[in-house]
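Student: Build me a model from this:
(one chain, ligands or ions: 1)
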Amino acid sequence: MKDVLPPSVETLRGDILHHLTYTMGKDPDHASVYDWRMALSFAIRDRIVTPWFASTRQTWEQGRKRVYYLSMEFLIGRMLEDAAINLGMRAVCREAIEGLGQDWHAVVENEPDAALGNGGLGRLAACYMESMATLGCAGYGYGIRYEHGLFKQGFDHGRQVEMPEDWLKQRHPWEFERPESAYPIGFKGTVEKRDGKPVWVPAETVIAEAYDMPVIGWQGHWANTLRLWSAKSVNEFDLNRFNHGDYTAAAEPETFARTLSRVLYPDDTTYQGKELRLKQEYFLTAAAIADIIRRHLAGGLSLTDLPKYVAIQMNDTHPSIAGPELVRVLVDDHGMEFEQAIAITVETLGYTNHTLLPEALEKWASYLMTAVLPRHMQIIEEIDAWHMRNNPSRPHWVGIVKNHEVRMGELAFICSHKVNGVSALHTELVKQTLFPELHRLHPGRIVNETNGVTPRRWMRSANKELSHLITDTIGEGWEADLDMLHQLEPHVQDKGFREKFAAAKRSNKVALSNWLMETQGVKVPPDALFDVQVKRIHEYKRQLLNILQTIGEWHAIRNTPQGDYLPKVKIFGGKAAPGYQAAKEIIHLINDVAEVVNNDPYVGDRLKIVYPANYNVSMAERLIPASDLSEQISTAGKEASGTGNMKFAMNGALTIGTLDGANVEIREEVGADNFFLFGLTAEEVVEHRKDPEHARHAIQQSQTMQDVLQMIAEGRFSPDEPTRYHGLVHNMWNSDYFLVASDFEDYRRAQAEVDEAFRDSDRWWRMAALNTARMGFFSSDRAIRGYMEDIWGTESAL
Ligand code: 26V
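Tutor: Just a heads-up that it's a prediction; the model follows:
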């Protein structure tokens, strides 16, 4: 596709004024930042439409295979600047908007985050959409257009409070409503026999209506579509009831239907077996499958050729009802034999596993599945029986339906030709611990696709200082060819380069300090070590280990105030699932400790703790480029991959981490000397747990741990309620499932090594720059190429 040239500043200014006047209906003299942001967004969007149409047309004309990425979450964040950068028109946009008397940052920051996801899984889907567009991989993302994204987090006396998120209260300039693309989605009801064939007669029906967002790749060479479904009522409004004066009841069908796409489930830790969640999953999946089949047939193709032209990727088990749904459509609606239908289904589907945590593995009670999707339950049992028939050596405990539950992992596995883990270590654990028997029966089905992140958003857009330095040093093009970063290596030997690298980081740290002062009222010295842990709050991610170690540092300063301490800022960010009490307690503790430490006159500037509320994609874009140390300290074997770890390291933060998830591969790439390793390995964790006294023994070995726990138990951080953390301390001594105590001393040892390295600034910047230079592997472009080759069987259209 031809290069798209950026418009001139004058042309763009004209376009902005045009949209302000005719789309927004605003007089420039009375327009708000919001109006200007909208006008600019529309002016940018106009320039996406041409490459978008061209990509779609080319896919049709060339009869290309399309990839469909089904995900309950797309954690996109802001779109304006990303789109401008990918179209090569950020500078022009900025000049145009400033020429119109507006502040560029105010306009960009006026955009609310599209927070349609919980964390890693949703953000990965967003990075993958961008990489597919960059690589010219023809495809669609399918998701739900939640009216309310992930809740907003606030703190009330240190406790998390949740507030509704309202991004759609404003106009959403990046979407196109498609009322003509709408499908009825059924639920419940009965399965009848007609002419000996099963016919599902749903009792409830809602309409899935499409909203399309273009996803533009780097330099605008290709654009794909993210299609989000919104639930509407079949009969929008009961006019009869309205005419009889019952105004509320008249709107009831609409209200009922819309609950389906009303809100994102905010709990990414425990599967709860709630009917509404199952309905949401089927709603997304059924709408997607209907759309895929319609498009396939519209191309004049036969359903027997489906796997030749269609690859469907299931992002975790959430859309795994896709297996039975595709079989149902092929058999019930198109008269195909079951055996052929399941064979086509398996060839078409792929499944990505993102977690091994038993409480997060989806299992639906058989009675619920039967009630909500009666025909699917029959098909699930048929698939289970078919699999058993074809694999007579399958042990009795293996299967999809067991103990009156439908196990969605097994269902997704059996319905897919490829199952992938998201890091080398995680994939091994998927083989050995999650699906050992299925792996034996289907060797070669499980493959690894280590996660990646898009360097366009996470370097080029979020870290302009570093990006300019990279381009000045190795030239253009690295954003789409991240292995080029290796060319930085010889320059790392050059002191001048290291100084520039350090200066870029410092400038980001100054910007963050200013922001922390403005928003949190905390003054932090920009030359201190910025030590950052941002991610969802979860016991296995061990924010607790971090705060206990921080208390240890504070205790040392208090005991020996004359000591030579490295000034440090500990930054935390992240939300807890609303019902996850243990995680909420950790948040409370961090905030309580911050209150005491930050107001301690003995400490001064040597230690600060900040926890800005409502961590989201935009905050990540601020924090990550300004970080010196990246905390990746999960209990080994628990973090499937991590993707924040990659964003930090490519932006020149050093990692302190365990051998978990993609940390293992990051350490291999950047070199063991440039990574602060500590902690038990996944195997040692399993061994350790066999000793029921593991925590007690570990605490008894550590004077610091004892002191820290003692201070917490005495109420030093909760003077208004001294017993507040007694439960937490008790649990630490007596159970400590995530082995905080066992890793505590080794973590302190690694932290001390960090301090020592940071004091030797020549050494530190060498290590930091080498991290950036060696992180090319973790581009999501590499990951998507892997999916295309190993799973989807597609090629770039570019
Ligand atoms: C799980 C559940 C459970 C049922 C209720 C709703 C819900 C919503 C989301 C999830 C997702 C949990 C899995 C997840 O986010 N895994 C993360 O995936 C990242 C991308 O592969 C990976 O980097 C993280 O290590 C992994 O925790």
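
Student: could you give the mean pLDDT of stretch 406-424?
Tutor: Throughout stretch 406-424, pLDDT has a mean value of 98.

Student: wait, does it make contact with the ligand?
Tutor: Yes. Applying CB under 6 Å from any ligand atom, one finds stretch 406-424 touching the ligand at Val422. From N, CA and C alone the C-beta is placed, and that goes for glycine too.

Student: Any idea how far that stretch is from the middle of the chain?
Tutor: Chain-centre distance of stretch 406-424: 19 Å, with CA atoms, centre = their mean, to the nearest Å.

Student: Pull that stretch out as PDB, backbone CA atoms only.
Tutor: The C-alpha coordinates for stretch 406-424 follow below in PDB (Å, rounded to 0.1, in the frame of the first residue of the first chain):
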ATOM      1  CA  VAL A 406     -18.300 -28.000  32.400                       C
ATOM      2  CA  ARG A 407     -14.600 -27.300  32.400                       C
ATOM      3  CA  MET A 408     -13.900 -24.600  29.900                       C
ATOM      4  CA  GLY A 409     -10.200 -25.200  29.700                       C
ATOM      5  CA  GLU A 410     -10.700 -28.800  28.600                       C
ATOM      6  CA  LEU A 411     -13.500 -27.700  26.200                       C
ATOM      7  CA  ALA A 412     -11.200 -25.100  24.600                       C
ATOM      8  CA  PHE A 413      -8.300 -27.500  24.400                       C
ATOM      9  CA  ILE A 414     -10.400 -30.300  22.700                       C
ATOM     10  CA  CYS A 415     -12.000 -27.800  20.300                       C
ATOM     11  CA  SER A 416      -8.700 -26.300  19.100                       C
ATOM     12  CA  HIS A 417      -5.900 -27.400  16.800                       C
ATOM     13  CA  LYS A 418      -3.400 -25.300  18.800                       C
ATOM     14  CA  VAL A 419      -3.300 -24.400  22.400                       C
ATOM     15  CA  ASN A 420      -0.600 -21.900  23.500                       C
ATOM     16  CA  GLY A 421       1.000 -20.600  26.700                       C
ATOM     17  CA  VAL A 422       2.300 -17.100  26.900                       C
ATOM     18  CA  SER A 423       5.900 -17.600  28.100                       C
ATOM     19  CA  ALA A 424       8.400 -20.500  27.800                       C
END
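
Student: so Val92 sits right up against Asp15, yeah?
Tutor: No. Between Val92 and Asp15 there is no contact under CB atoms under 8 Å: 10.7 Å.

Student: where do the contact lists of these two overlap?
Tutor: Residues touching both Val92 and Asp15 (CB atoms under 8 Å, 6 or more residues apart in numbering): Pro7.

Student: near the ligand, which residues of this protein show up?
Tutor: Residues of the chain found near the ligand (CB under 6 Å from any ligand atom) are 118-121, 124, 265, 267-268, 271, 316, 354-355, 360, 362, 422, 451, 639-643, 661.

Student: Next, the contact list for the residue in the stretch 51-200 of the chain positioned nearest to the ligand, please.
Tutor: Relative to the ligand, the nearest point of the stretch 51-200 of the chain is Gly120 (2.9 Å; CB to the nearest ligand atom). Residues near Gly120 by CB under 8 Å, 6+ apart: 354, 535-536, 640-644.

Student: quick one: low-confidence parts of the stretch 201-350 of the chain?
Tutor: Flagging of the stretch 201-350 of the chain using pLDDT under 70 yields the residue ranges 236-239, 242.

Student: Tell me where it has helices.
Tutor: 239-243, 247-250, 252-258, 275-298, 306-309, 322-328, 338-348 (DSSP state H, counting those that start in this stretch).

Student: for those helices, which one ends up most surrounded?
Tutor: helix 322-328 (a mean of 26; mean count of other CB atoms under 10 Å).

Student: How far off centre is that one?
Tutor: Averaging C-alpha positions (CA atoms, centre = their mean) puts helix 322-328 26 Å from its chain's average.

Student: Ok, stretch 192-208 next?
Tutor: For stretch 192-208, the separation from the chain centroid amounts to 36 Å (computed by CA atoms, centre = their mean).

Student: Give me the contact list for it.
Tutor: Taking CB under 8 Å, 6+ apart as the rule, stretch 192-208 contacts 182-191, 229-234, 257, 260, 283, 286-287, 290, 328, 332, 374-375, 378.

Student: How about it, which residues are buried there?
Tutor: 200, 202, 206-208 (16 or more other CB atoms under 10 Å).

Student: got the helices of the stretch 201-350 of the chain as TSV, with distance to Gly715 columns?
Tutor: Below are those laid out as TSV (distance: least, CB to CB, whole Å):
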stretch	distance to Gly715
helix 239-243	59
helix 247-250	51
helix 252-258	47
helix 275-298	40
helix 306-309	63
helix 322-328	52
helix 338-348	59
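
Student: right, and the ones you listed - which one's nearest Ala412?
Tutor: When the helices of the stretch 201-350 of the chain are compared by CB to CB, helix 322-328 sits nearest Ala412, at 6.9 Å.

Student: Now tell me what touches that closest one from outside.
Tutor: So helix 322-328 is contacted by 70, 200, 282, 285-286, 288-289, 312, 314, 338, 341-342, 344-345, 348-349, 373, 375-376, 379-380, 382-383, 411-412, 414-416 (CB under 8 Å, 6+ apart).
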